[in-house]
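Visitor: here is my input; please provide its structure:
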Amino acid sequence: MFLPHVKPTRFHQLLPSRLFSAAAPLQQYFTDNKPPIKPWPKRLFPKRLVSMITQQQNIDLALQIFLYAGKSHPGFTHNYDTYHSILFKLSRARAFVPIESLMAELRNSHPPIRCGENLFIDLLRNYGLAGRFESSLRIFLRIPDYNVRRSVRSLNTLLNVLIQNRRFDLVHSMFKNSKESFGITPNIFTCNLLVKALCKKNDVESAYKVLDEIPEMGLVPNLVTYTTILGGYVARGDMEAGEKVLGEMLDRGWEPDATTYTVLMDGYCKLGRFDEAAKVMDDMERNGIEANEVTYGVMIRALCKEGKAGEARNMFDEMLDSGFMPDSSLCCRVIDALCEDCKVDEACSLWRKMLKKNCMPDNALLSTLIHWLCKEGRVAEARGLFDEFEKGSIPSLLTYNTLISGMCEKGELTEAGRLWDDMVERKCKPNAFTYNVLIEGLCKKGNVKEGVRVLEEMLENGCFPNKTTFLILFEGLQESGKEEDAIKIVSMAVMSGKVDRECWELFLRKFAGELDKGAVVLEELLLHEYPLPVVDSEDPSLIFMLPIYPSPYFLDPTSGENSPVFRAFSAVVTMADFNDDGMDAVQRRLICILVDENDRVVGHDTKYNCHLMEKIEPENLLHRAFSVFLFNSKYELLLQQRSKTKVTFPLVWTNTCCSHPLYRESELIEENVLGVRNAAQRKLLDELGIVAEDVPVNEFTPLGRMLYKAPSDGKWGEHELDYLLFIVRDVKLQPNPDEVAGIKYVSREELKELVKKADAGDEEAVKLSPWFRLVVDNFLMKWWDHVEKGTLTEAADMKTIHKL
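Guide: Numbering: from 1, shown residues only. As a prediction, the model looks like this:
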């Protein structure tokens, strides 16, 4: 049979010496011989325990029930059904850590428990849904270890998992080896999965060849096979080839179903060929095929995109009358289309019809309709709609924000305040948008003082003001004749530590002509290690961003003292502040945390002094630092090559991010290592452009601390008590070229190769930072196991300070 050429997969390499180890002892979930729930049944049978586990909403409690029954209930013995129920519940909830120990316990049970394939199929599917396809593959390969024979059902489940996780080459390899390696004969469903993988890979030609070769296996291509290939051509916009597949399908006696027609219609709609899509729908009706909800959705969205709101409404009515329930996004699209066509009343009429048809609108749809009513100035009607919805459902933050925004826009601040109170009472926490619209409404009404009070509350509640917030307040202060209070707002924001780059740029632009105030803002900027806004020499009216550290100069040395850059900066920093060895005035102003060898804070000093060997050696200056190790969902480690302008260890490769918490309130917090985590989040943005939302502080796992000293050259060096922070996240990267010369993700094996090259010692050898090398040699490989298993917290040891 035809198969595209693929590199053979060595499946045995995916198997550890033990797939399911007792890395997470089950004793930690046990409840000291006390029943985890009361009343505990006096007589317990496996069937009843399965029911108890299934009905229990709390995952930890369900596991405790399972463990208590097996260890403490007299005469009770677990069987296949009880293991299946708890393993299914845990994997469905993505609580994978205890599964490893439970599976080891099941395999080693005495007397042996006879297992069924359904348990493994459920695990394959649930691990796959969590994006852990490698675990699914390992489970499939280990099924025989439990005296269970693999069937085509488990193979098909695995192939589907691999497709979901876009591992199309593995689908090829598994299919090719299915009979020889696993003793499994593929069926037509297996072939359809291979065809699907090829089409998803945009290799439709190979999928078509598979279609021709299927009969050689004694199988017959079915409707799904043809529809999948048709969908492959449609996805690449080749509608003529798609029509050809449809004709071949009809020639071979297969009647297209609603899905086949819908795939073809969707292709025409995406290409803007709506008339041809409508013709396909007509053909569908003539052939006696009834449209389904997907068919209606495709056509209605296309009509809305074409601006044919009336036709979209008619088809939407037809969909409702046929008994189909449209999803929220489709409802919102139709409402938007009607309102954009100035048919807000018709949109409200559609809302009422949906209620009569028991199609309950959700918060997204309500917010859409409220937005359009408020936009037309019909705030009272919007509030009436909100109150009607509130009787049967709980409004979301989006719904509250939409209505509050409309009220503020119309100056109905009293009503907006009442709605705000109602929101808070319902435990719905305002976000930055909510605060912004209220501040804007207050300032428009001339009540800037109250707007400033709302800003204070905003900062206290952990919301990040944006550029819009400050623009609104500055404009309000200017109109009320209190512009001198603007610097107070800036100070308030800076003290909270919640100022982004755009806001710093705004502050510098705002106070550029007032040296005293500008100097205050710049001093704050330097202290908080933000990238420095500077005037462009080509266009002084534009402000752009240059990173503070490690750039040795803030200006082009060839431009001289008459450059706009130098003139703009000289009000605060003079040429005398610069040092020709690379460490500049900014580094003198950045304040590091000094600690003793037990990590107790003993003072503070500048970053400049903390890296001078003449200070480190005689005074034994030791400062707090951190090293971040960021892994993606493939468990690859992100490395960075330090910029050539780094004062210490330029152009060496190291872990994801290395820096220092600063001597300020938010980064001095000892509890739960929060200060160091805050600093790590700040520097990941500064060096790699990773936004805070992608690396929440609570996702960092501190694994340990190490104390080391490493001279860089004759003048500079490191003497740090380094916190080692691990995090597993997929992130978007925008490396700062002044901080980072290069980045790359590496697997465990690829890192070992890098270490070998570093040990080679020749001129072309890779250079690794000394602190990174210490972590690699002493901790990293064993911690990497915990990264892959999701058991990082078990590896943590924050009591020991490793002196290396």
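Visitor: would you say G377 is within a strand?
Guide: No - counting by DSSP: H, G, I helix; E, B strand; the rest coil, G377 falls outside a strand, being coil.
Visitor: right, and it touches G411 too?
Guide: No - the pair G377 and G411 does not pass the contact test of Cβ atoms under 8 Å, sitting 11.1 Å apart. Yep, even glycine has a C-beta here, placed from its N, CA and C like the rest.
Visitor: quick one, phi psi at C374?
Guide: Comment: the main-chain dihedrals of C374 come out as phi -70, psi -40, following degrees, to the nearest 10.
Visitor: which residues touch it?
Guide: C374 is in contact with 382, 402-403, 405-407, 409-410, counting by Cβ atoms under 8 Å, 6 or more residues apart in numbering.
Visitor: now do the same contact list for D500.
Guide: D500 makes contact with 464, 466-467, according to Cβ under 8 Å, 6+ apart.
Visitor: pull the residues that contact the helix or strand L438 falls within.
Guide: Under the criterion of DSSP states H and E, L438 resides in helix 432-444. Counting by Cβ under 8 Å, 6+ apart, the neighbours of helix 432-444 from elsewhere in the structure are 397, 400-401, 404-405, 407-409, 411, 413, 416, 420, 423, 448, 450-451, 454-455, 457-458, 463-466, 468-469, 472-473, 475-476, 479.
Visitor: what distance separates that helix from the middle of the whole chain?
Guide: In terms of Cα atoms, centre = their mean, to the nearest Å, the centre of helix 432-444 is found 29 Å from the chain centre.
Visitor: please enumerate the strands of this structure.
Guide: If DSSP state E is used as the criterion, the strands of the chain fall at 532-535, 543-546, 591-595, 601-606, 623-631, 637-642, 653-654, 657-659, 701-711, 717-728, 740-746, 801-803.
Visitor: could you dump the ones you listed into TSV and include mean neighbour count and mean pLDDT?
Guide: As requested, those are exported to TSV (neighbours: other Cβ atoms under 10 Å; pLDDT from 0 to 100):
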stretch	mean neighbour count	mean pLDDT
strand 532-535	20	40
strand 543-546	15	35
strand 591-595	22	89
strand 601-606	14	85
strand 623-631	25	95
strand 637-642	22	94
strand 653-654	22	92
strand 657-659	23	92
strand 701-711	19	91
strand 717-728	23	93
strand 740-746	16	93
strand 801-803	14	90
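Visitor: need the ones you listed in a markdown table (columns: distance to L230).
Guide: Formatted as a markdown table, the strands of the chain follow (distance: least, Cβ to Cβ, whole Å):
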| stretch | distance to L230 |
| --- | --- |
| strand 532-535 | 55 |
| strand 543-546 | 50 |
| strand 591-595 | 63 |
| strand 601-606 | 67 |
| strand 623-631 | 40 |
| strand 637-642 | 40 |
| strand 653-654 | 48 |
| strand 657-659 | 48 |
| strand 701-711 | 47 |
| strand 717-728 | 39 |
| strand 740-746 | 37 |
| strand 801-803 | 61 |
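Visitor: right, and the ones you listed - which one's nearest G253?
Guide: With Cβ to Cβ, the closest approach to G253 among the strands of the chain belongs to strand 740-746: 50.3 Å.
Visitor: could I have the CA atoms of stretch 315-327 written out in CSV?
Guide: Once non-C-alpha atoms are left out, stretch 315-327 reads as follows in CSV (Å, rounded to 0.1, in the frame of the first residue of the first chain):
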residue,chain,number,x,y,z
MET,A,315,-32.2,32.0,7.5
PHE,A,316,-31.7,32.4,11.2
ASP,A,317,-35.5,32.2,11.7
GLU,A,318,-35.5,29.1,9.5
MET,A,319,-32.9,27.6,11.7
LEU,A,320,-34.9,28.3,14.8
ASP,A,321,-38.1,27.0,13.3
SER,A,322,-36.4,23.8,12.3
GLY,A,323,-35.6,23.1,15.9
PHE,A,324,-31.8,23.8,15.9
MET,A,325,-30.2,25.8,18.7
PRO,A,326,-27.6,28.3,17.4
ASP,A,327,-24.5,28.8,19.4
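Visitor: begin at 7, not 1, for the rest of this chat.
Guide: Understood, numbering begins at 7; the last thing we discussed is stretch 321-333.
Visitor: now it: buried residues?
Guide: Taking 16 or more other Cβ atoms under 10 Å as the neighbour-count basis, stretch 321-333 is seen to contain the buried residues 321-322, 325-326, 330, 332.
Visitor: with distance to L236 and pLDDT added, can I get the residues you listed in CSV?
Guide: Rendered in CSV, the data for those read as follows (distance: Cβ to Cβ, whole Å; pLDDT from 0 to 100):
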residue, distance to L236, pLDDT
M321, 24, 90
F322, 27, 90
M325, 24, 89
L326, 29, 88
F330, 24, 87
P332, 25, 86
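Visitor: those residues in helices, which ones?
Guide: Using DSSP state H, the members of the buried residues of stretch 321-333 that fall within helices are 321-322, 325-326.
Visitor: list just the nearest of these to V154.
Guide: M325 (45.8 Å).
Visitor: from V340, how far off is the closest one?
Guide: Between M325 and V340 the computed distance is 10 Å (Cβ to Cβ, to the nearest Å).
Visitor: so what sits against both of the two?
Guide: Contact criterion Cβ under 8 Å, 6+ apart; residues bridging M325 and V340 by contacting each: I306.
Visitor: got the contact list for the residue nearest to D700 when sequence neighbours are not counted?
Guide: Residue nearest to D700 in three dimensions, not counting chain neighbours: V737, with 4.4 Å by Cβ to Cβ, 6 or more residues apart in numbering. Each residue near V737 by Cβ under 8 Å, 6+ apart is listed here: 636, 638, 694, 696, 700-701.
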